[in-house]
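Asker: sharing a sequence plus its predicted fold:
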Amino acid sequence: MVNNKRVFATLTPEADSDWKLQELVSALRHSREQTHHIRHRGGVRELPSLEALEVILGDLSSSLFPTHYGPSDLTDGSIDYFVGNTLGNALNALAEQVRRSLRFRPQAEERSPYPLDDEELLRDKALELTARFAAQLPEIRNLLVSDVRAAYAGDPAASHMAEILLCYPGMRAIMCHRMAHALYRMDLKFLARMIASLSQRETGIDINPGAQIGASFFIDHGIGVVIGETTIIGERVRLYQHVTLGAKSFAADEKGMLIKGHPRHPIVEDDVVIYAGATILGRVTIGAGSTIGGNVWLTQSVPPGSSVTQAQMRSVCEDDGARAAQP
Amino acid sequence: MVNNKRVFATLTPEADSDWKLQELVSALRHSREQTHHIRHRGGVRELPSLEALEVILGDLSSSLFPTHYGPSDLTDGSIDYFVGNTLGNALNALAEQVRRSLRFRPQAEERSPYPLDDEELLRDKALELTARFAAQLPEIRNLLVSDVRAAYAGDPAASHMAEILLCYPGMRAIMCHRMAHALYRMDLKFLARMIASLSQRETGIDINPGAQIGASFFIDHGIGVVIGETTIIGERVRLYQHVTLGAKSFAADEKGMLIKGHPRHPIVEDDVVIYAGATILGRVTIGAGSTIGGNVWLTQSVPPGSSVTQAQMRSVCEDDGARAAQP
Amino acid sequence: MVNNKRVFATLTPEADSDWKLQELVSALRHSREQTHHIRHRGGVRELPSLEALEVILGDLSSSLFPTHYGPSDLTDGSIDYFVGNTLGNALNALAEQVRRSLRFRPQAEERSPYPLDDEELLRDKALELTARFAAQLPEIRNLLVSDVRAAYAGDPAASHMAEILLCYPGMRAIMCHRMAHALYRMDLKFLARMIASLSQRETGIDINPGAQIGASFFIDHGIGVVIGETTIIGERVRLYQHVTLGAKSFAADEKGMLIKGHPRHPIVEDDVVIYAGATILGRVTIGAGSTIGGNVWLTQSVPPGSSVTQAQMRSVCEDDGARAAQP
């Protein structure tokens, strides 16, 4: 009803026909009809909304850390009322997005687990899943507190917790991820991916919602970090900017399409530090307590306590290169 | 008339004079007068507006993919009305931005092709150029559909088209680019650059609007990708995060300023895959069907069907290094 | 009073109790009580606001470059009124944020320099610091003009100053940085960091507000650049995307926590160019006029006029690697 869009100056042709709108609308309809191989069956096709999810994420964050993300006039007396009210609104709005996302099954799947015409069943399922998500929020908050503390301990430039919660993109990314991962585990993968997408847009950090990440996780600087869907990360792990935990793409290409969900990303055990620009590819294991140096390119497992530098890896790679050149 | 800005708490000094505003305003005017070597001739200097372009981009996207970017209550019966209305508004607003941008010629150019004082001619030209842009939208949509399909085919984690259109930064970047490139080809380079800048801010992908990119293009993850102005990319090309298709900067520095528009970026032929972190510099040609491995640093052409790995390039580079050390 | 939030569709359970809100609020309060080791003393805990700072940054930018960031209907006659009014509002709003930030001292510091209960003293101090910041704005503008000119001279693709001011993320980043650095030098480190965080979110460029950067600074493309707290950069320095000027992290790890503010990042002298992806770590000095090639990994000083390429560095690194392998 209310149009919040800002109004900008326009330059209008003398006749609307100057844009040839009718032809354009018709050509665009034609293009849609050719490309939508799955036509929509008559009704309204309600996609989940990125804009709604952005507001929901903000409200959930304020509920978890009201002092930091809530309004500045909260008192010890009013804070619980704020949390209850904000959280209730967020869950009502999330339930609607969950309902919409239940209709979106992977195109490759033959059958949906839900009868998509049974609106009442979809609503009940959406309310049930949202309640299950809500019940996990206190545990998610505890994990996030461990992450704040890891950032404070791991970055000599961090001067207090509020700075980390308000200013660190790595903190924002793990907060979004822990919520997205909870949705992913309830098979709400589309919603989870949308949250990851909003997080990436803001932080430059790309964590697939499928990644399993233990407590006390810290990404410093963070820009350019990519963490793949089947990655498993232990506790007290620290990453720096431009680190990739990815699939070994060459192998994938030779085999054709990968089986979905197939474990193809690294396992990083407890207490590992991975410095800026390091790239670790494939289902390899980085043993507990290891240190991976900056810009290292690693496609093999290393035992616990390893310290891998660029120079060491280069000599290994060159052996590979020599072999590749003399097959 | 309406002030949409949120109001925040302030702390006001007892007298305005405490900020020494008059002195400040005067010092800032002095700084402007010293630095504006081209003074504006008395009238209003209307720059194109990033905020307006952001709304226009949103409306154009909704017109091209109304199911995905439009409101959620569209039906088969109402969708064409939405498209026609949204597109008409977007074109009226774009025409005004085109008119403004016609005044901004490269500073190096001696003469503008348009008599800048003839307001009527500028308006007519703006309407004409906007109509030419509008006429290209169906073709742009078809290209974008080929890009969505390439993403679906190329990423095992993609589960349906809606996920790609809503969540993939690479999709957003190529959508903005195909519109910006259409403006660039009509010599509306400032507007094109502004759109590229909005896209980069949101996606972390930096595609110069001059780059020519064929159908079925897919950037996976995408953060940190840089594609230069004179790059030419064939069909069915796939890039990963942190790939640079750039100019060979060292050569440029020795020659002084490059001639504008001089071909200085790579040609990437059909069906090439370039993995994360690879850097390809200069007017080299990557032959059709080649695969460029992660982190490869490449400043020479490779024939069709090549498979270039980091280890191979290193031995080449080291030969160069040895020569450089013993000239 | 006014709720600017957009309203989205919701799906509400039949009874509020379905979300088990009361249990959730109680569990979240419990989590807060366990983790806030420093409880707030009864009153209102007003954190500085990122949203307010974002508006303030916009107003300060419009005051410095009204033609480019101000409204499009400014005339030579009205421009000073716009600047005075906008700047006055921005300073009033900034003073409030300064007041709030004065309460936030590093957790490690034993004593605050200000008696935190003396509200009047905090207000006076906030007004004084804001006035000192304001007085630096003309000098900051002059530095920014030198940066615009450096971008125009350094990028053959730049066609006029307006394009640089509106479209270049590197320009936005240095504008935010020069303001953040002024606050940092007045020991307003939390506010400075918040501004850097807003800048990073928009540009993908991460400059710690402590970094000292000379005139005529230009970052081209910019995404992924990281510049650490104690970095010192001379005049006419040019960086490309993905350059890191960082601390030598390995050394830090062996010593345990670094002393805060300890010089640990590079010194880059006048007229240095650092190409894409180069990583320079530790308190090393890059001599005046040097060129550091793309992807170079450098942890040692180089004399003035050096030209360092990846191949040269590799041979050095491999010597290190060999030594490391045969200790």
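Answerer: Noted; the coordinates are in hand. Numbers count the residues shown, from 1 in each chain, chains lettered A, B, ... in the order given.
Asker: what about dumping the CA coordinates of stretch A:153-161 to PDB?
Answerer: Taking Å, rounded to 0.1, in the frame of the first residue of the first chain, the C-alpha atoms of stretch A:153-161 are listed here in PDB:
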ATOM      1  CA  ALA A 153      41.900 -13.500  21.900                       C
ATOM      2  CA  GLY A 154      43.200 -13.900  18.400                       C
ATOM      3  CA  ASP A 155      43.400 -10.300  17.200                       C
ATOM      4  CA  PRO A 156      45.800  -7.900  19.000                       C
ATOM      5  CA  ALA A 157      44.000  -5.000  17.400                       C
ATOM      6  CA  ALA A 158      40.600  -5.900  19.000                       C
ATOM      7  CA  SER A 159      40.100  -3.600  22.000                       C
ATOM      8  CA  HIS A 160      36.700  -4.800  23.300                       C
ATOM      9  CA  MET A 161      33.800  -7.100  22.600                       C
END
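Asker: in it, what counts as buried?
Answerer: Neighbour counts over stretch A:153-161 (16 or more other CB atoms under 10 Å in any protein chain shown) mark A:Gly154, A:Asp155, A:Pro156, A:Ala157, A:Ala158, A:Ser159, A:His160, A:Met161 as buried. From N, CA and C alone the C-beta is placed, and that goes for glycine too.
Asker: any chance of the residues you listed in TSV, with pLDDT too?
Answerer: Shown next, in TSV, are the buried residues of stretch A:153-161 (pLDDT from 0 to 100):
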residue	pLDDT
A:Gly154	84
A:Asp155	82
A:Pro156	75
A:Ala157	77
A:Ala158	81
A:Ser159	80
A:His160	83
A:Met161	87
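Asker: low-confidence ranges in the stretch 151-300 of chain A?
Answerer: Residue ranges of the stretch 151-300 of chain A with pLDDT under 70: A:249-261.
Asker: residues from it in reach of chain C?
Answerer: A:152, A:156-157, A:159-163, A:166-169, A:202-204, A:221, A:223-224, A:240-242, A:273, A:275-277, A:291, A:293-295 (CB under 8 Å from any CB of the partner chain).
Asker: about what we covered before: just the buried residues of stretch A:153-161: which are in helices?
Answerer: Residues of the buried residues of stretch A:153-161 located in helices (DSSP state H): A:Gly154, A:Met161.
Asker: re the thing from before, among the residues of the stretch 151-300 of chain A next to chain C, which lie within strands?
Answerer: Secondary structure assignment by DSSP state E places A:Val273, A:Thr291 of those in strands.
Asker: now stretch A:59-69: average pLDDT?
Answerer: Averaging pLDDT along stretch A:59-69 yields 95.
Asker: who's in contact with stretch A:174-188?
Answerer: With contact meaning CB atoms under 8 Å, 6 or more residues apart in numbering or on different chains, stretch A:174-188 is reached by A:57, A:60-61, A:64, A:98, A:101-102, A:129, A:132-133, A:136, A:140, A:143-144, A:147, A:189, A:191-193, A:195-196, A:198-199, A:207, A:209-213, A:217, A:219.
Asker: okay, that stretch in CSV with CA atoms only?
Answerer: Below are the C-alpha coordinates for stretch A:174-188, written out as CSV (Å, rounded to 0.1, in the frame of the first residue of the first chain):
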residue,chain,number,x,y,z
ILE,A,174,29.7,-16.5,11.3
MET,A,175,26.5,-15.1,12.9
CYS,A,176,24.6,-15.4,9.6
HIS,A,177,26.2,-18.8,9.0
ARG,A,178,25.2,-20.3,12.3
MET,A,179,21.6,-19.3,11.7
ALA,A,180,21.7,-20.4,8.0
HIS,A,181,23.3,-23.8,9.0
ALA,A,182,20.4,-24.5,11.4
LEU,A,183,18.0,-24.0,8.5
TYR,A,184,20.2,-26.1,6.2
ARG,A,185,20.1,-29.0,8.6
MET,A,186,16.3,-28.8,8.6
ASP,A,187,16.5,-29.2,4.8
LEU,A,188,15.5,-25.6,4.2
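Asker: let me see the ranges of the strands in chain A.
Answerer: A:206-207, A:212-213, A:218-219, A:226-227, A:232-233, A:238-239, A:244-246, A:267-268, A:273-274, A:279-281, A:285-286, A:291-292, A:297-298, A:307-308.
Asker: any chance of those in CSV, with mean neighbour count and distance to chain B too?
Answerer: Below are these laid out as CSV (neighbours: other CB atoms under 10 Å in any protein chain shown; distance: least, CB to the nearest CB, whole Å):
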stretch, mean neighbour count, distance to chain B
strand A:206-207, 25, 5
strand A:212-213, 17, 16
strand A:218-219, 28, 13
strand A:226-227, 26, 5
strand A:232-233, 20, 16
strand A:238-239, 26, 14
strand A:244-246, 27, 6
strand A:267-268, 22, 18
strand A:273-274, 25, 15
strand A:279-281, 24, 6
strand A:285-286, 22, 18
strand A:291-292, 24, 15
strand A:297-298, 22, 6
strand A:307-308, 18, 16
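Asker: just send the ones you listed back as TSV, with distance to C:Cys176 too.
Answerer: TSV is the format used below for these (distance: least, CB to CB, whole Å):
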stretch	distance to C:Cys176
strand A:206-207	24
strand A:212-213	31
strand A:218-219	22
strand A:226-227	26
strand A:232-233	32
strand A:238-239	25
strand A:244-246	28
strand A:267-268	34
strand A:273-274	29
strand A:279-281	30
strand A:285-286	36
strand A:291-292	32
strand A:297-298	34
strand A:307-308	36
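Asker: which among those is found nearest to B:Asp73?
Answerer: strand A:206-207 (32.0 Å; CB to CB).
Asker: the closest one: how far from the chain's middle?
Answerer: When distances are taken as CA atoms, centre = their mean, to the nearest Å, strand A:206-207 is centred 5 Å away from the chain's centroid.
Asker: who does that strand pair up with?
Answerer: Partners of strand A:206-207 in the sheet, by DSSP bridges, are strand A:226-227 (parallel).
Asker: the helices in the stretch 1-150 of chain A, which residues?
Answerer: A:21-35, A:50-64, A:66-69, A:79-102, A:119-135, A:137-154 (DSSP state H, counting those that start in this stretch).
Asker: and those helices, which is most packed in?
Answerer: Stretch with highest mean neighbour count among these: helix A:79-102 (a mean of 22; mean count of other CB atoms under 10 Å in any protein chain shown).
Asker: residue contacts, A:Ile140?
Answerer: Going by CB under 8 Å, 6+ apart, A:Ile140 touches A:Leu64, A:Arg178, A:Met179, A:Ala182.
Asker: looking at those residues, which has the most residues close by?
Answerer: A:Met179 (27 neighbours; other CB atoms under 10 Å in any protein chain shown).
Asker: tell me, how many residues neighbour the spatially closest residue to A:Ala276 that is not a sequence neighbour?
Answerer: Sequence neighbours aside, A:Tyr240 is the residue nearest to A:Ala276 in space, at 4.0 Å (criterion: CB to CB, 6 or more residues apart in numbering or on different chains). Close neighbours of A:Tyr240, defined as other CB under 10 Å, add up to 26.
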